[in-house]
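J.: predicted coordinates and the sequence they were generated for:
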Amino acid sequence: MVVTQGGPPMFSKCGPLRAVTVAVAVTSLFAISCGGSDSEETAPTTTETEIQLTVEAAAEGSVDLSKIENQLNEVLAEVKSLKSYFSENADGSVSFTPATIPEVKKDRTYGFAFPLPSTIEATYTGIASDEATTQEGTLLASAGGVSVMLLWRTDDQPLTPAESVVGSFEVLQQTTGLEFSLDSSGEEGFDIDDQSASYATFAAIEDDQRVGVALIAGWTCGNSGRSFALTVSGADPTAVSDSFFGLAEGFECGTN
């Protein structure tokens, strides 16, 4: 789950670089030119002479090899740093060392449980007032290029899941200033804490290019009258999808 403390969902045209590449190129050149008959030895060709002079110069130390040595040292340093990503098993085999996953905690301040990594501090604000309450509020959090927004409100006649999705989408448009196109939507087969939920997937468009994606889900918690809308957005579809389903699966309606 990747979710920086801060403001509304934002999209970045450039995603984080998550790969390390080490390239080592070693080129060897051997040139030998022979001519004449078995009974006649020819003089060394230009190529042979150049090679001989180069070897002699290197032996005498007159050739500057510092640049090559520096490049080799840089490569060795990169290789050494990569060793930290691997560990040797008891049988002598080598395996990848998994990254440390931060502990996930559920915040129950407002009567429901919302999962977030312990390293992330969410920002809570009200909708009709400055402070969030159990009746209504907004949660904002982001990290690793993924932004999260959770809206909740309580009404005598609560919003339907589909209405919650539409309302959250309008907020997303206003806060990002981007154009969106609907990729897919549905009202069946998706539950959050055993509550039927609606969902929609949107593509963010800028200069006729896809610059991000947003997943939105809406649901109502039992007879509490409290409706929720979860929006997860970012430039990397995989990161957005993983975060969205992780948050949805960890949510608990709790008590009003």
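T.: Nice, I can see it.
J.: so residue 118 sits against residue 103, correct?
T.: Yes. Counting by CB atoms under 8 Å, residue 118 touches residue 103, with 4.5 Å between them. Any C-beta I mention is one placed from the backbone N, CA and C, and that applies to glycine too.
J.: return the set of buried residues in stretch 127-146.
T.: 132-146 (16 or more other CB atoms under 10 Å).
J.: what does the strand or helix carrying residue 166 contact?
T.: In this structure, residue 166 sits in helix 161-176 according to DSSP states H and E. Helix 161-176 is contacted from outside by 7-11, 149, 151, 159, 180, 185, 187, 196-200, 202, 204, 214, 216-220, 227-231, 233, using CB atoms under 8 Å, 6 or more residues apart in numbering.
J.: cutoff 6 Å now
T.: 8, 151, 197, 198, 200, 214, 216, 218, 219, 227, 229, 231 (CB atoms under 6 Å, 6 or more residues apart in numbering).
J.: need those in CSV (columns: distance to residue 124, neighbour count and secondary structure).
T.: Below are the contacts of helix 161-176 laid out as CSV (distance: CB to CB, whole Å; neighbours: other CB atoms under 10 Å; DSSP: H, G, I helix; E, B strand; the rest coil):
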residue, distance to residue 124, neighbour count, secondary structure
8, 14, 16, coil
151, 11, 21, strand
197, 22, 25, strand
198, 24, 21, strand
200, 25, 22, strand
214, 21, 27, strand
216, 20, 25, strand
218, 19, 27, strand
219, 20, 28, strand
227, 17, 22, strand
229, 15, 27, strand
231, 15, 25, strand
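J.: among those, which one has the lowest pLDDT?
T.: Scanning the contacts of helix 161-176 for pLDDT, the low point is residue 8. It has 44.
J.: and the angle from the helix or strand hosting residue 217 to helix 161-176?
T.: Assigned by DSSP H and E, residue 217 falls within strand 209-220. Taking axes from the mean of the first three to the mean of the last three CA atoms, to 10 degrees, one finds strand 209-220 and helix 161-176 inclined to each other by 140 degrees.
J.: could you dump strand 209-220 to PDB, C-alpha only?
T.: Output in PDB follows, covering the C-alpha atoms of strand 209-220 (Å, rounded to 0.1, in the frame of the first residue of the first chain):
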ATOM      1  CA  GLN A 209      -2.800  11.900 -23.300                       C
ATOM      2  CA  ARG A 210      -3.600   9.600 -20.500                       C
ATOM      3  CA  VAL A 211      -1.700  10.900 -17.500                       C
ATOM      4  CA  GLY A 212      -3.300   8.900 -14.700                       C
ATOM      5  CA  VAL A 213      -6.200   6.800 -13.400                       C
ATOM      6  CA  ALA A 214      -8.700   7.000 -10.600                       C
ATOM      7  CA  LEU A 215     -10.800   4.300  -8.900                       C
ATOM      8  CA  ILE A 216     -13.900   5.300  -7.000                       C
ATOM      9  CA  ALA A 217     -16.100   3.200  -4.800                       C
ATOM     10  CA  GLY A 218     -19.300   4.200  -3.000                       C
ATOM     11  CA  TRP A 219     -21.200   2.300  -0.200                       C
ATOM     12  CA  THR A 220     -23.500   2.800   2.800                       C
END
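J.: show me what it pairs with in its sheet, parallel or antiparallel.
T.: Sheet pairing of strand 209-220 (DSSP bridges) gives strand 195-206 (antiparallel), strand 226-234 (antiparallel).
J.: so what touches it?
T.: 11, 13, 158, 161, 164-165, 168-169, 172, 192, 195, 197-204, 227-235, 237, 240, 244.
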